[in-house]
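Asker: Please work out how this folds:
(one chain, ligands or ions: 2)
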Amino acid sequence: MAATKELLMLENFIGGKFLPCNSYIDSYDPSTGEVYCKVPNSGKEEIEAAVEAAREAFPAWSSQSPQGRSQVLNRIADLLEQSLEEFAQAESKDQGKTLTLARTMDIPRSVQNFRFFASSILHHTAECTQMDHLGCMHYTVRSPVGVAGLISPWNLPLYLLTWKIAPAIASGNTVIAKPSELTSVTAWMMCKLLDRAGVPPGVVNIVFGTGPRVGEALVSHPEVPLISFTGSQPTAERITMLSAPHCKKLSLELGGKNPAIVFEDAVLEECIPATVRSSFANQGEICLCTSRIFVQNSIYHEFVKRFVEATRKWKVGIPSDPSASMGALISKTHLEKVRSYVKKARAEGAQVLCGEGVDQLSLPPRNQAGYFMLPTVITDIKDDSCCMKEEIFGPVTCVVPFDNEEEVIQRANSVKYGLAATVWSSNVGRVHRVAKKLQSGLVWTNCWLIRELNLPFGGMKSSGIGREGAKDSYDFFTEIKTITVKH
Ligand SMILES: NC(=O)c1ccc[n+]([C@@H]2O[C@H](COP(=O)([O-])OP(=O)(O)OC[C@H]3O[C@@H](n4cnc5c(N)ncnc54)[C@H](O)[C@@H]3O)[C@@H](O)[C@H]2O)c1
Ligand SMILES: N/C(=C/C=C\C=O)C(=O)O
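Answerer: Numbers count the residues shown, from 1 in each chain. Ligands and ions are numbered 1, 2, ... in the order given. Okay, the predicted model is just below:
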């Protein structure tokens with residue numbers, strides 16, 4: 001790492017070496033709006049070098065035993081955990097999230113990702129059938145695909161990058177990862193642990209830069225047979241188009257417009273704090289966040305009153321403030337985009353009950369140029385409003401009433417996304433019935449974001465293609481073969 005004028009200068013990590021780049025991108029501290037880091041603005045040349053390194057490393061790494069690879073992943077987890085505080089500080093500064101969230105969610109989950117796939121890789125089974133009358137048996141074998149291209153977003157930077165790197169290398173692939181140019185620091189820090197963890201040069205290569213320049217070079221490279229992407233739908237469309245000529249294997253984890261459905265028999269003492277958190281955690285910059293809250297008519301006004309009171313207690317503060325529930329949004333551009341939705345809602349005659357344009361935000365002088373916004377609750381908004389249809393990906397949620405189960409299921413399903421949902425009711429038959437009818441890849445009932453990494457994670461409709469998890473990630477990062485033996 002080189003420091004210029006107190007700026008953090010990142011370098012690409014290719015073939016086990018840190019390599020400078022001939023141009024750089026400014027990276028900002030969202031809590032101050034100041035440039036504090038320079039990210040390599042890589043291109044085709046860097047991707048070529050990374051592909052060569054990954055290809056050279058593939059034979060030895062792919063022929064390692066699962067046990068051998070598992071040990072390496074556990075060592076990465078151990079080293080990451082030993083530096084948890086350093087990574088949490090870096091993630092909070094780079095992404096704008098609170099230090100508390102980085103300490104308790106982002107980095108611990110990154111550690112867990114390596115530990116989880118270090119274990120799951122040891123327990124996969126294959127399939128076998130017999131045709132005794134023909135003297136045949138058939139069985140399946142799986143093998144790693146090769147050089148995996150991994151592209152990750154800026155909201156949970158290390159959490160989502162390691163959710164791809166861990167299963168990819170556990171399965172025997174070598175990887176070229178491109179984190180978001182907005183949040184590259186913890187990926188670069190992780191590279192400094194890899195040699196000590198026993199990761200051979202070329203197994204993990206991280207190339208920094210923008211999507212259009214280096215991301216597209218990775219996606220369209222003929223010797224990168226699969227792409228695991230997490231990000232927005234427009235980008236996924238571009239990646240699909242660019243990878244199509246090479247018939248690449250694609251995993252696409254995209255956006256959501258996630259409903260919470262609150263029935264009159266919900267336990268509001270549990271539902272309201274959980275739904276404030278599911279709406280505004282990480283500044284609302286989580287693909288699983290709630291952005292549409294449907295409340296049964298009989299309790300609607302009580303819910304809105306108590307939900308707004310609880311939202312006003314969801315404190316916006318500088319990321320290092322231990323009492324802050326929410327930090328700064330990722331960028332000025334994103335802040336302005338999120339604010340524009342609130343403006344559109346007002347123009348449509350909706351009510352903004354708290355937050356943007358209603359309450360006052362107080363910040364220290366050095367943070368006045370930071371990308372902060374109050375958690376905002378909108379009511380009296382129509383289902384066909386852009387605020388009820390489009391992903392805002394910020395601290396904005398809409399609360400609307402409904403009459404009955406059939407109506408609310410139809411309305412919840414009436415958007416192009418199908419990622420996550422929450423259902424709040426004390427009636428166990430109802431939660432099972434409603435969960436099955438919702439067009440969502442994930443449904444939490446009377447809770448939110450309790451993650452079971454063994455089971456499929458992902459969305460339907462415009463929320464993506466494919467799933468991630470113990471078996472799902474293994475299936476994605478390996479090719480299956482059926483062998484028939486006549487004996
Ligand atoms: N389903 C999930 O698990 C999940 C998780 C987090 C975020 N998301 C979604 O991601 C979006 C926010 O993240 P974002 O703004 O970083 O998304 P984005 O699509 O702008 O960028 C995601 C990644 O793709 C890269 N990229 C951008 N254009 C590219 C191109 N043309 N070719 C190759 N790579 C390109 C970016 O540099 C970044 O690394 C939201 O829609 C959110 O819902 C989904
Ligand atoms: N893939 C996951 C994504 C979570 C939130 C995205 O914004 C996960 O939890 O495994």
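Asker: Pull the contacting residues for Ala90.
Answerer: 185-186, 189 (C-beta atoms under 8 Å, 6 or more residues apart in numbering). For the C-beta atoms, the positions are set from N, CA and C on the backbone; glycine is no exception.
Asker: ok, and the most crowded of those residues?
Answerer: Within the contacts of Ala90, neighbour counts (other C-beta atoms under 10 Å) peak at Thr186, which reaches 28 neighbours.
Asker: correct me, but that residue touches Glu91?
Answerer: Yes - Thr186 is in contact with Glu91 according to C-beta atoms under 8 Å; the separation is 5.1 Å.
Asker: roughly how far apart are the closest residue to His487 other than its chain neighbours and Lys486?
Answerer: The shortest distance from His487 to any residue other than its chain neighbours is 5.6 Å, reached at Gly135 (C-beta to C-beta, 6 or more residues apart in numbering). Plainly put, Gly135 is 6 Å away from Lys486 if you go by C-beta to C-beta, to the nearest Å.
Asker: ok, now Pro179?
Answerer: 49 Å.
Asker: Those two: which has the busier surroundings?
Answerer: Of the pair Pro179 and Lys486, Pro179 is the one with more neighbours under other C-beta under 10 Å, namely 26 against 8.
Asker: Spatially nearest residue to that one, not counting backbone neighbours?
Answerer: Nearest in space to Pro179, with sequence neighbours left out and distances taken as C-beta to C-beta, 6+ apart, is Ala187 at 4.3 Å.
Asker: that older thread, tell me the one among the contacts of Ala90 nearest to ligand 2.
Answerer: In terms of C-beta to the nearest ligand atom, no member of the contacts of Ala90 lies closer to ligand 2 than Thr186, at 15.5 Å.
Asker: any idea what that closest one is structurally, helix, strand or coil?
Answerer: Secondary structure of Thr186, reduced to three states by DSSP: H, G, I helix; E, B strand; the rest coil: helix.
Asker: now swap in Arg238 and tell me
Answerer: Assigned state for Arg238: helix (three-state reduction, three-state DSSP).
Asker: Find the nearest non-adjacent residue to it, please.
Answerer: The shortest distance from Arg238 to any residue that is not its chain neighbour, by C-beta to C-beta, 6+ apart, is 7.5 Å, and that residue is Glu216.
Asker: Tell me which helix or strand that neighbour sits in.
Answerer: Applying DSSP states H and E as the criterion places Glu216 in helix 216-219.
Asker: So for that helix, mean pLDDT?
Answerer: The average pLDDT for helix 216-219 rounds to 98.
Asker: and it, C-alpha only, in PDB?
Answerer: Taking only C-alpha atoms (Å, rounded to 0.1, in the frame of the first residue of the first chain), the coordinates of helix 216-219 have been written out as PDB:
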ATOM      1  CA  GLU A 216     -17.100  -5.800 -18.900                       C
ATOM      2  CA  ALA A 217     -13.600  -7.000 -19.700                       C
ATOM      3  CA  LEU A 218     -14.100  -9.700 -17.100                       C
ATOM      4  CA  VAL A 219     -17.600 -10.700 -18.200                       C
END
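Asker: For that helix, name the packing helices and strands.
Answerer: Applying 3 or more C-beta pairs under 8 Å, 6 or more residues apart in numbering; DSSP states H and E, one finds that helix 216-219 contacts helix 44-62, strand 147-151, helix 233-243.
Asker: mind redoing it with 6 Å?
Answerer: The criterion is 3 or more C-beta pairs under 6 Å, 6 or more residues apart in numbering; DSSP states H and E, and the helices and strands that helix 216-219 contacts are helix 44-62, helix 233-243.
Asker: The longest one near ligand 1 anywhere?
Answerer: No - contact of helix 44-62 with ligand 1 (C-beta under 6 Å from any ligand atom) is absent, the minimum separation being 11.1 Å.
Asker: following that helix, which helix or strand shows up next?
Answerer: helix 66-82.
Asker: tilt between that following helix and helix 44-62?
Answerer: An angle of 120 degrees separates the directions of helix 66-82 and helix 44-62 when computed by axes from the mean of the first three to the mean of the last three C-alpha atoms, to 10 degrees.
Asker: ok, then the element right after the helix or strand containing His334?
Answerer: Assigning secondary structure by DSSP H and E places His334 in helix 332-347. Toward the C-terminus, helix 332-347 is succeeded by strand 351-354 as the next helix or strand (DSSP H and E).
Asker: Report the buried residues of that next one.
Answerer: For strand 351-354, a neighbour-count test (16 or more other C-beta atoms under 10 Å) marks 352-354 as buried.
Asker: Columns pLDDT and distance to ligand 1 on top of those residues, output as TSV?
Answerer: Shown next, in TSV, are those (pLDDT from 0 to 100; distance: C-beta to the nearest ligand atom, whole Å):
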residue	pLDDT	distance to ligand 1
Val352	98	23
Leu353	98	25
Cys354	98	24
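Asker: could those go into TSV alongside distance to ligand 2?
Answerer: As requested, the buried residues of strand 351-354 are arranged in TSV below (distance: C-beta to the nearest ligand atom, whole Å):
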residue	distance to ligand 2
Val352	25
Leu353	26
Cys354	24
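Asker: Buried residues in the helix holding His334, which are they?
Answerer: Buried residues in helix 332-347, counting neighbours by 16+ other C-beta under 10 Å, are found at 334-335, 338-339, 341-342, 345.
Asker: host element of Thr484?
Answerer: Per DSSP H and E, Thr484 falls inside strand 478-486.
Asker: What is the subsequent helix or strand relative to the helix or strand bottoming out on mean pLDDT in the chain?
Answerer: Using mean pLDDT, DSSP states H and E, strand 2-4 stands out as the lowest-scoring helix or strand of the chain, at a mean of 49. Scanning forward in sequence from strand 2-4 by DSSP H and E, the next helix or strand is strand 7-9.
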